[in-house]
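Dropping a prediction and its sequence here:
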Amino acid sequence: MNDGLITSLDRRRPEPLWHQAERAIRARIEAGEWPAGSQIPAEDRLCELLGVSRITVRHALRNLEALGLLRREHGRGTFVRSATVVAGARGLTSFTDEMAALGLSVGSRMLAQEIVPASPRVAAALEIEEGEPVAMVRRLRLGNGSPIGVQTAHLRLDRVPGLLDEDLSGSSLYAQIERRYGIKPFEATEIYRVGAVGPEDAELLEIEAGSPAFIVERLAVDPRGPFEFTLSIMRGDRYEIRSTLRI
């Protein structure tokens with residue numbers, strides 16, 4: 001392991017030392033110097049390399065673990081995780097926003113964008129008649145080039161006329177509909193289930209068919225009512241749900 005590239009922190013800067021330590025460790029991960037699956041230096045070695053206390057190093061490691069970048073194993077050490085999305089209590093954000101917050105490069109491969117008749121489930125969610133046409137956008141979502149999930153969004157066609165005429169593969173869907181139609185969600189309801197990945201999605205996600213995955217339904221609403229219903233199939237080893245409970 002090459003740990004000689006990490007440098008001591010600057011105590012003259014106003015930025016807290018734990019934050020500088022977090023950024024220094026994160027930079028090594030993002031640069032690929034500590035690749036996914038590798039073990040990073042032990043706490044004692046990090047203290048020596050960064051010139052800070054164990055408390056400071058632990059603060060930085062705890063934050064990086066919460067972000068899904070590191071995994072600590074009792075008695076073994078700390079390891080770099082594969083690109084992982086950590087869901088839980090958070091703001092109403094898009095996949096693009098979530099990946100950016102984690103410092104991961106977001107990517108998408110467009111699988112389909114077309115007008116389809118609303119299924120009974122989609123129609124009920126969007127409060128339209130069954131069989132009414134909706135805009136469907138199906139994408140493979142990537143983090144740092146690795147497949148994380150398959151997302152299929154259905155949008156009310158009367159709210160987004162002409163949306164499918166655009167290339168939707170390169171940017172956030174929320175950003176596009178806000179820019180073009182002024183639609184900005186203020187609330188979303190998500191339902192999480194665990195299920196087995198089907199053969200088609202398994203091939204896209206590069207896992208075995210039947211592997212466990214999170215199945216996430218999201219219904220997004222703006223002041224005019226529900227406008228988007230999305231079904232996501234997320235790799236079980238690259239997606240976590242984490243909540244903080246308080247009395």
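That came through fine.

Give me the sheet partners of the strand or helix carrying P226 and which way each runs.
For P226, the element it lies in under DSSP states H and E is strand 225-235. Using DSSP bridges, strand 225-235 pairs in its sheet with strand 146-156 (antiparallel), strand 212-222 (antiparallel).

Need the winner for burial among the ones you listed.
strand 146-156 (a mean of 22; mean count of other CB atoms under 10 Å). (C-beta placed from N, C-alpha, C; glycine too.)

that older thread, could you dump the strands paired with strand 225-235 into JSON lines with distance to E15 and mean pLDDT added?
Converted to JSON lines, the strands paired with strand 225-235 look like this (distance: least, CB to CB, whole Å; pLDDT from 0 to 100):
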{"stretch": "strand 146-156", "distance to E15": "30", "mean pLDDT": "94"}
{"stretch": "strand 212-222", "distance to E15": "35", "mean pLDDT": "92"}
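
Please tabulate these in a markdown table, including the columns distance to T78.
Below are the strands paired with strand 225-235 laid out as a markdown table (distance: least, CB to CB, whole Å):
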| stretch | distance to T78 |
| --- | --- |
| strand 146-156 | 20 |
| strand 212-222 | 25 |
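
how about those strands, which one is nearest D10?
Ranking the strands paired with strand 225-235 by proximity to D10 (CB to CB) places strand 146-156 first, at 33.3 Å.

next helix or strand past that closest one?
helix 173-181.

Run through the neighbouring helices and strands of whatever helix or strand comes next after that next one.
Once the chain leaves helix 173-181, the next helix or strand it forms, by DSSP H and E, is strand 187-196. Applying 3 or more CB pairs under 8 Å, 6 or more residues apart in numbering; DSSP states H and E, one finds that strand 187-196 contacts strand 212-222.

Can you tell me what sits against the strand it packs on?
For strand 212-222, the surrounding residues in contact (CB atoms under 8 Å, 6 or more residues apart in numbering) are 87, 92, 125, 183-197, 201, 205, 226-236, 239, 241.

Give the buried subset of these as a PyMOL selection command.
This is the PyMOL syntax for the buried subset of the contacts of strand 212-222, where burial follows 16 or more other CB atoms under 10 Å:
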select buried, resi 87+125+183+185+197+201+205+226+227+228+229+230+231+232+233+234+235+236+239
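
For burial, what's the neighbour tally of the closest residue to V57 other than its chain neighbours?
Spatial nearest neighbour of V57, excluding adjacent residues (CB to CB, 6 or more residues apart in numbering): L46 at 4.8 Å. Residues contacting L46 under the criterion other CB atoms under 10 Å number 23.
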